[in-house]
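Undergrad: Just a sequence and a predicted model for now, questions to come.
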Amino acid sequence: MPKRVNTWQNGLLATSALAAIFFAASLLWQQGHAQWAFVLAFTAVWALISISWSNVDYAEESGTILARIVDHNFDQLHERLEEMEKELEILREKAPDNYRQAS
């Protein structure tokens, strides 16, 4: 049974390949073959963009991770607001009546 490659590993491989292609394009540029350097770089960028935009697994996984982070942050914020409301009620109960102001 083949081992499944995670989407972040696919991204790492794609960006590593892109870096290698840009290195090859820079060598072509230095050798005076600017047109071939441009063709190589343009093709690499076009392929990377088309592959990444069509990668549903990556989009779904990154969306799920982002949703978990947002949910976690909202939960923390909600818990903190509840703690602050409890502390405020305790302070209101301890304060004498003559120090109370309209809230």
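TA: Done, it's in.

Undergrad: Longest helix in the protein, please.
TA: helix 56-94 (DSSP state H).

Undergrad: pLDDT averaged over it - what is it?
TA: Averaged across helix 56-94, the pLDDT comes to 88.

Undergrad: tell me which strands and helices that helix is in contact with?
TA: The contact analysis (3 or more C-beta pairs under 8 Å, 6 or more residues apart in numbering; DSSP states H and E) places helix 56-94 against helix 7-30. In short, each C-beta sits where N, CA and C put it, glycine included.

Undergrad: Report the buried residues of the helix it packs on.
TA: T7, G11, A14, I21, A25, L28, W29 (16 or more other C-beta atoms under 10 Å).

Undergrad: Can you tell me which of these has the lowest confidence score?
TA: Taking these together, the minimum pLDDT is found at T7 (64).

Undergrad: before we move on, back to that, can you state the direction angle for the longest helix of the chain and helix 7-30?
TA: Here the directions of helix 56-94 and helix 7-30 differ by 120 degrees (axes from the mean of the first three to the mean of the last three C-alpha atoms, to 10 degrees).

Undergrad: From the chain's centroid, how far away is helix 56-94?
TA: Helix 56-94 sits 19 Å away from the centroid of its parent chain (C-alpha atoms, centre = their mean, to the nearest Å).

Undergrad: Quick check: the gap between W8 and S62.
TA: Counting by C-beta to C-beta, to the nearest Å, the gap from W8 to S62 is 9 Å.

Undergrad: make that H72, sorry
TA: Using C-beta to C-beta, we find H72 at a distance of 16 Å from S62.

Undergrad: neighbour count winner among those two?
TA: Set side by side, H72 and S62 show more neighbours around S62, with 14 against 10, by other C-beta atoms under 10 Å.
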